[in-house]
Each structure stands twice: as C-alpha cells, then as structure tokens.
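*Asks:* Got a sequence here, can you build the structure:
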Amino acid sequence: MQLVPAALPAQSCGPAAGPVALVLSGGGAKGIAHIGVLRVLDSMGVRPDLVVGTSIGAIVGGMYASGYAGRELDSLARALPLSSLFRTYAPKAPGALGALPALVVWEQGSGGFALQSAAVRPPEVNSLIDAAMLRGNLAARGDFDRLPIPFRAVATDLRDRSPVVLAGGDLARAVRASLAIPLIFPPESLGGRVLVDGGLSANVPVSIARRAGAMRVIVSDATERRADSLEYVSPLALADRLLGFLFEQPADSVRPGDIRIRPDVDGFTSLDFSAERVAQLIDHGEAAARAALAGAPCLPRRPPRAPGLPSILGTVRAPGLTAAERRGLIERLGLAAPSFGFSRLRSGIRALASSDALDAVWLNPAGTGDTLDLDLVVRRAPVRAAALGLAYDNELGGRMWAGATDRTLLRGLLDGSVVIALGELRRELSASFRRSGGWSPWRLPLVSGSLATESVRRFDTGRHEIGAAHTAEARAFLGIERELGNGWVMAAGGSAAFWREPAIRAEHAAGGRVELRRIDRAGAPVIRGELDMTPTVRRAAFTAAPVLHLGGIGFQPLMRIGWGERLPLQSTFALGGVDGFPGLHIGELRGTREAMGGLAITVPVKGPVVLVGEGAAGRVATGGALLGRGGWIGGARLGVGADTPIGPMRVDYGVASRGRDALRVRLGRWF
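*Replies:* All right, here's what the predicted structure looks like:
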C-alpha cells in the first residue's frame, strides 16, 4: 500500500509532512482508553492515513477504520456485555442435556477429550467480534485498504514469536487472531500459521506503522506502568501481572513530529471490563489526548468517509458442509434471499453466541461494486461432551447428575443425549434425540422421555415433617424446538405421562405441551413458562428470576405463578420451588395454586464473599382462585455466600409470618 500524504491547507509543515498513522497498543481492558483518544481526534477533525492496532487496539482500531466515530464506539463500549465475557463462571453443559448446572464438562474435538475452558466461551467471543466488525468486513471485502481508513491488525506467529501483519482476508478473523491472549483465548489458525495475541511480538506497533509507509505516528499507549507493590493473594491481580510480563517489550522510539499519548491506566487491570471501569478509562483517554494534541501542528484534517457497503447478495459458498448444514446456516444468518439486510445478518451472527454446535463462522466476504460474495469458513464445536454436577442442601440432602451428548449418531443426522440424576428424594433417568436439520434454529423432530421416582416431603400443621409420599412417573414428548434468539427457546408438541402415587391406582394422561424459556450464558433458565393440557390434567407455570447489576450490586426480582387441575402429587407447586420460601422448610406448603413475588439483593463484601438478602410474599392453595385473599405469607432471609471452585455456597437464616423460621445451607446450584 502506498500512503498518500493528507492535504494540509493553510499549513507549512515542511519536510516533516507526510502520511500519519494512528497506532493503538494492546493492554486488555486498559485499551478502552483508546476510545477517549478517538473522541478527541474526531472533535479536532483529525483523520489519520492509516490505523495499526494490536489486540484490544485491533478491535478499537478496526471499528474506527471501518467508519465508526469515537462517540459511537463510546456508546458501544458502555452497552456491550464486555464484563460478562471475562467473568469467572461455571462450565456450561450442552443445551441438549437440559438446564443443568455443571461442575465439570469434558468435550471431544479434533484433539480428543479435554476439559472445557473456564476462561471464555469461544462462541460468545467470536460472534461478538464478528458482529462488531461486520460493517468494515463488508466494506473491505478482503482488502483492508478499501476501508474508510486503511487498517492493519498485528498478531504473533506462535512458532517463533514473530509479528504477523494482517492486511486482508476476513476482518473479524484478523482481529480475533490479534487478541488471542494465550491461556484465555484459543489460538486462531490462519494461512497455515497458528496465531496468538499481537502483544507478544509488537504490543505498541510503531515500527510496523513505519514499514507500512507512515512518516509520522500518533501513538495511543495503554500499556501498564508496573506498580511497586502487588496484592499477590488476589488471583486476578496475579494474572494481570503475569500478562504484563508476557507482553512486555522495549518501547519503539518516537521521532520529531510524532505524538505519544499515555492515558492514565494505573490501578486498572487487563480483564476488568466493568461498566464503571470502562467509563473511567474512556475519560482518562480523552484527558490524555487533549493534553498531548493541544497545539500539535501538521495534523491531517479531513471529513470522515462513509464505508461503501454492498446491497446485492451474490454467491454463498460453504465448503466442507453437508447440504442440510449449509441450508441451516444460511437460514440462521438470514442469507436465504438475493437481497439481504445488514441488521438481519448482524442479528444472525450474534445469535451464534448461544450455539452448541458452532464455535465460529467467518464470512470471508469478497465481490465488487454492489455485489457481496461470501466464502463461509466454519469452525465446529466439539461433537461429544460429558458433564457432571453436584449440589448439597441441609434439608434436601446431596444430589448429583451425570450426562453425555453425541452429535454424530446415524452419521451425523441425529443428536442424542442421556442424563441420570440421583438424590435422596428424587432419582431420574432421561434421554432425548433430535434431528437438527443442519444448523437451522429448528430442531425437529424432538423425542424425549424420562423415568423418575420422587419422595415428596410432607408436613403437619405444626411444620413438623411426617415422612414422605413415594411416587413414580414416566413421561414422553414428541414435538419441535426452535431457537428464537437472545437466549429464547420454544418447544411444542404432544406429551404423555404415566404415574403412581400412594393409595391411588396408576394413572395416565396424554395431550399437548408448550414451553418457552430464556436461558442465561451459563445455560440456566431465568424465565420459563410451561403449559400442559390433557382431557384430565391441566397445568400452567411461570417463573422469572433475572439478575440485574447496578454499581456492583445485584438485584434479582423473583416471580412464580402456578395453576393446575387434578395434578399428580409430584406435579403440585411447592411455595418457592427448589429454593424454598424465606423462613419455611422447602416443600412445607404445597398445592395446585401458587403465587409468589420477591426481591433478592447481593452486595459484594470482599473478594468472592457477598452479603445476600431476600424478601418475599406468596401463597399456595388447593383449588380456588389463584390470587385469593387467604393464605398469604411473608418472609425474609439474610445470609452470606461465596463463589467457590465447586459452585456458589450460601448460608442464610429466614423468618416468616405465622412464627416460622428456618436455616438454609446450600453448596452448588440446585437442580
């Protein structure tokens, strides 16, 4: 690429005038300060001739070179769920195993069985980058010099730690390679090379910008200044220091006419993308840029240039896929028509974040004029997985589950899964089979069945447990399932049930079932609605427990609604469900009607320790109105908790009206 010096009206810059490159360093979350620098450049009307970025600098620089203004990047950085991508979390079991909390997950990919990474989930990160770079990817169509500002991403060849400058191909994939931090992100294989984070070879890529033709550079350097002391007992602080050592290199020297901007990133860590830290870093970047650029001469000033986006979809190739997989993927991405919508394609890419079958889909756009050609490159998720979960409750005892899933049955036409769950009160064996139709959001037909025995706790009027009622049931379902996007899943079809309970002869019922649920990034349902209708048994249930964060404090509204007619004992509603009601024993109040609302608040104390408080009001009844006047009870509980390597631990004490109180001790997420 030959850089052309920018027009500099009314300036006499002399021999120092020439192409100017904007260089954006790596630095993890600290690189968010680059956005504040871009806001200042925009306010001054400064547009560089080239953008070169490493790691987080490649993300910010790639979007800036694609035509996003600094204020747009500011809004995106504050709105995107960046903190959730790097938060410690429990491993996620495949969706085919149901909404079960996993302690450990083994996956079988091309390299055999391995433990699932506890750092990031590749589908989430890859889909986020793919969507963020979509505008530039379609504008460049394989050549980064076609962008409104020419762009270079810097990665590192893992074989010899040499810098690799990426100037073409799939923009999102190039950026993904540039930020592949070892042990956090998997490496990216590209062009026969295994690429990792560019910060290992050129964390502040000034020399690369000069070799690309830049006469002068504006450097935004968000690398850390090593502190004199460190709290080594903090795993996050220790990991951050180790990353700093990994990316440390001698700084490229600046020359006369160059500008170095050094935002104040002291006290910030490489993996803290919380909303508060993001806002502070952007402010620090803006302050540093205003100080460094004040009165700077000979800056290239020109109006921004909008990217030229194609509007006609040409050929879509997907080598290596079956016909069913290709149809399903094209449907999922919204590429089924000759004309396509940018927003629809971006939504389809973002929906890949929740995929169990795909790790990444790179578009590899090409074409000329208004025509877009795509050569899709697909990276499959592991085809087999096994998972294990454990939990303990002082009232319900211990419980464990184990399951496995295989996507290669009948030569890949069928997905199958099996789960066994064992506990003191309930034992269950379930299996499901589905034909996914490639990677379509539709999964049909879906066939599932289960066998279970359950000992239902019983209490007298004085809250004393009087033994358990032993029940048994078998259930079957035949229907369809569809992903609706943003974590929503719908299933509908026919169901049949056979059950036995004390002093009652065996019963059976058949009818229809509809379920709608929204799952979080760990695979747990946060909103769930169920409707079972048969000629004799009718049951409807709705639960919601979304988690909202404000200033580090977690708020979890709680809602439970249940209604039924002629329900088997094991299908009746226990007030509060498996989490119980504050001040009551779990399962103490049970009926065919349930209404409950509440709020749980989680306040961080220190490290993984949190203070948890909850208040609730509700009722259960057998028959009658759902929201009748009688039977209402209120309760509250207070306790402490901590996230441990084997799951969350909670100890709390609750009180309720009617003189009730109860202590709860729980380890792990109950299921």
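
*Asks:* Leu599 reaches Met559, doesn't it?
*Replies:* No: shown here, Leu599 and Met559 do not form a contact pair, counting by Cβ atoms under 8 Å, at 10.1 Å. All C-beta spots, glycine's among them, are computed from the backbone N, C-alpha and C.

*Asks:* which strand of the chain spans the most residues?
*Replies:* The longest strand of the chain (DSSP state E) is strand 465-485.

*Asks:* Show me where the stretch 301-450 of the chain has its helices.
*Replies:* 323-333, 342-351, 409-412 (DSSP state H, counting those that start in this stretch).

*Asks:* Which strands and helices lie in contact with the first one?
*Replies:* Judged by 3 or more Cβ pairs under 8 Å, 6 or more residues apart in numbering; DSSP states H and E, the packing partners of helix 323-333 are helix 342-351.

*Asks:* what's the angle from the helix it packs on to helix 323-333?
*Replies:* Interaxial angle of helix 342-351 relative to helix 323-333 (axes from the mean of the first three to the mean of the last three Cα atoms, to 10 degrees): 120 degrees.

*Asks:* What residues of helix 342-351 count as buried?
*Replies:* Leu345, Arg346, Gly348, Ile349, Arg350, Ala351 (16 or more other Cβ atoms under 10 Å).

*Asks:* ok, now stretch 261-269?
*Replies:* Residues Ile261, Arg262, Pro263, Asp264, Val265, Phe268, Thr269 are the ones in stretch 261-269 that count as buried (16+ other Cβ under 10 Å).

*Asks:* Now for the third one: which residues touch it?
*Replies:* The one in question is Pro263. 30, 33, 36-37, 220-222, 281, 284-285, 287-289 (Cβ atoms under 8 Å, 6 or more residues apart in numbering).

*Asks:* Narrow the residues you listed to those in strands?
*Replies:* Secondary structure from DSSP E places Ser220 of these in strands.

*Asks:* Could you list which of the contacts of Pro263 belong to helices?
*Replies:* Ala33, Gly36, Val37, Leu281, His284, Gly285, Ala287, Ala288, Ala289 (DSSP state H).

*Asks:* wouldn't the third one be in contact with Ala291 here?
*Replies:* No: in terms of Cβ under 8 Å, Val37 does not count as a neighbour of Ala291; the distance is 11.1 Å.

*Asks:* neighbour-wise, which of the two wins?
*Replies:* Val37 (31 against 11; other Cβ atoms under 10 Å).

*Asks:* Report pLDDT for the more buried one.
*Replies:* Among the per-residue scores, Val37 holds a pLDDT of 97.

*Asks:* swap in the one 3 residues further on?
*Replies:* According to the per-residue confidence, Val40 scores 97 in pLDDT.

*Asks:* now Phe477
*Replies:* pLDDT, Phe477: 98.

*Asks:* returning to what we had before: JSON lines for the helices of the stretch 301-450 of the chain, including distance to Trp442?
*Replies:* Output for the helices of the stretch 301-450 of the chain, formatted as JSON lines (distance: least, Cβ to Cβ, whole Å):
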{"stretch": "helix 323-333", "distance to Trp442": "8"}
{"stretch": "helix 342-351", "distance to Trp442": "13"}
{"stretch": "helix 409-412", "distance to Trp442": "17"}
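
*Asks:* So for Ile586, which of those sits nearest?
*Replies:* helix 342-351 (36.6 Å; Cβ to Cβ).

*Asks:* Give the other helices and strands that that closest one contacts.
*Replies:* Using 3+ Cβ pairs under 8 Å, 6+ apart, helix 342-351 is in contact with helix 122-132, helix 134-140, helix 323-333, strand 465-485.

*Asks:* Pull that helix out as PDB, backbone CA atoms only.
*Replies:* The C-alpha coordinates for helix 342-351 follow below in PDB (Å, rounded to 0.1, in the frame of the first residue of the first chain):
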ATOM      1  CA  PHE A 342     -27.300  -5.700   7.300                       C
ATOM      2  CA  SER A 343     -29.200  -5.700  10.600                       C
ATOM      3  CA  ARG A 344     -30.600  -9.200   9.900                       C
ATOM      4  CA  LEU A 345     -27.200 -10.600   9.200                       C
ATOM      5  CA  ARG A 346     -25.700  -9.000  12.300                       C
ATOM      6  CA  SER A 347     -28.500 -10.400  14.400                       C
ATOM      7  CA  GLY A 348     -27.900 -13.900  12.900                       C
ATOM      8  CA  ILE A 349     -24.200 -13.600  13.800                       C
ATOM      9  CA  ARG A 350     -24.900 -12.500  17.400                       C
ATOM     10  CA  ALA A 351     -27.300 -15.400  17.800                       C
END
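
*Asks:* How far off centre is it?
*Replies:* Centroid separation for helix 342-351 versus its chain: 16 Å, with Cα atoms, centre = their mean, to the nearest Å.

*Asks:* what angle separates it from helix 122-132?
*Replies:* In terms of direction (the same axes, to 10 degrees), helix 342-351 departs from helix 122-132 by 160 degrees.

*Asks:* on that earlier part again, is it possible to get CSV of the buried residues of helix 342-351 that adds pLDDT?
*Replies:* Converted to CSV, the buried residues of helix 342-351 look like this (pLDDT from 0 to 100):
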residue, pLDDT
Leu345, 93
Arg346, 93
Gly348, 89
Ile349, 93
Arg350, 89
Ala351, 85
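
*Asks:* which among those residues gets closest to Ala323?
*Replies:* Closest to Ala323, out of all of the buried residues of helix 342-351 and judged by Cβ to Cβ, is Gly348, at 19.3 Å.

*Asks:* ok, now which ones touch the closest residue to the closest one other than its chain neighbours?
*Replies:* Once flanking residues are discounted, Gly348 sits nearest to Leu333: 4.0 Å by Cβ to Cβ, 6 or more residues apart in numbering. Applying Cβ under 8 Å, 6+ apart, we find Leu333 in contact with Leu345, Gly348, Ile349, Val361.

*Asks:* quick revisit: with distance to Pro94 as added columns, please give the ones in helices among the contacts of Pro263 in CSV.
*Replies:* As requested, these are arranged in CSV below (distance: Cβ to Cβ, whole Å):
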residue, distance to Pro94
Ala33, 38
Gly36, 41
Val37, 42
Leu281, 36
His284, 42
Gly285, 40
Ala287, 47
Ala288, 46
Ala289, 46
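
*Asks:* Show me the two of those that sit farthest apart.
*Replies:* Taking Cβ to Cβ, no two of the ones in helices among the contacts of Pro263 sit farther apart than Leu281 and Ala289, at 12.5 Å.

*Asks:* can you list residues touching both of these two?
*Replies:* In contact with both Leu281 and Ala289: Gly36, Pro263, using Cβ under 8 Å, 6+ apart.

*Asks:* quick one: low-confidence parts of the stretch 251-400 of the chain?
*Replies:* Within the stretch 251-400 of the chain, the stretches with pLDDT under 70 are 251-253, 337-339.
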